[in-house]
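Colleague: Here you go, sequence then predicted model.
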Amino acid sequence: MSIDTAAIDPELLADAEAVLTAITSGKKPDSELVQRIQARSEQIRERVFREHGFVDIAVPAVRELRDA
């Protein structure tokens, strides 16, 4: 089984591998890596908010599961 990584940004892939390496060796990822990931996450969050507005899916999903 193989995963096509052609569409994944090499920097993102390297950061993901660094996180996995740190975690599997029982260490915390370095602070620079964490800051890069947090900055990237914030950019994605802002883009989703700009394109779709407030997306409230968690609360309705939890309520649906709870009330089922």
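Modeller: Alright, I've got the coordinates.
Colleague: Spatially nearest residue to Lys28 (excluding sequence neighbours)?
Modeller: Counting by CB to CB, 6 or more residues apart in numbering, Ala22 is the residue found nearest to Lys28 once chain neighbours are left out, at 6.3 Å. Where you see a C-beta, it was placed from the backbone N, CA and C, and this is true even at glycine.
Colleague: give me every residue that touches the one you found.
Modeller: Going by CB atoms under 8 Å, 6 or more residues apart in numbering, Ala22 touches 28-30, 33.
Colleague: after the helix or strand harbouring it comes which helix or strand?
Modeller: Here Ala22 sits within helix 10-24, counting by DSSP states H and E. Once helix 10-24 ends, the next helix or strand along the chain (criterion: DSSP H and E) is helix 31-52.
Colleague: which sections of the protein are below the confidence cut-off?
Modeller: Flagging of the chain using pLDDT under 70 yields the residue ranges 1-6.
Colleague: which one of the contacts of Ala22 sits closest to Asp15?
Modeller: Checking the contacts of Ala22 against Asp15 with CB to CB, the nearest one is Leu33 at 6.0 Å.
Colleague: Now that closest one. Nearest residue, chain neighbours left out?
Modeller: Ala18 (5.5 Å).
Colleague: Count residues in the vicinity of the one you found, would you?
Modeller: Ala18 has 16 neighbouring residues, counting by other CB atoms under 10 Å.
Colleague: Which residues are in contact with it?
Modeller: 29-30, 33.
Colleague: Give me the distance between it and Glu32.
Modeller: Note on Ala18: its distance to Glu32, by CB to CB, to the nearest Å, is 10 Å.
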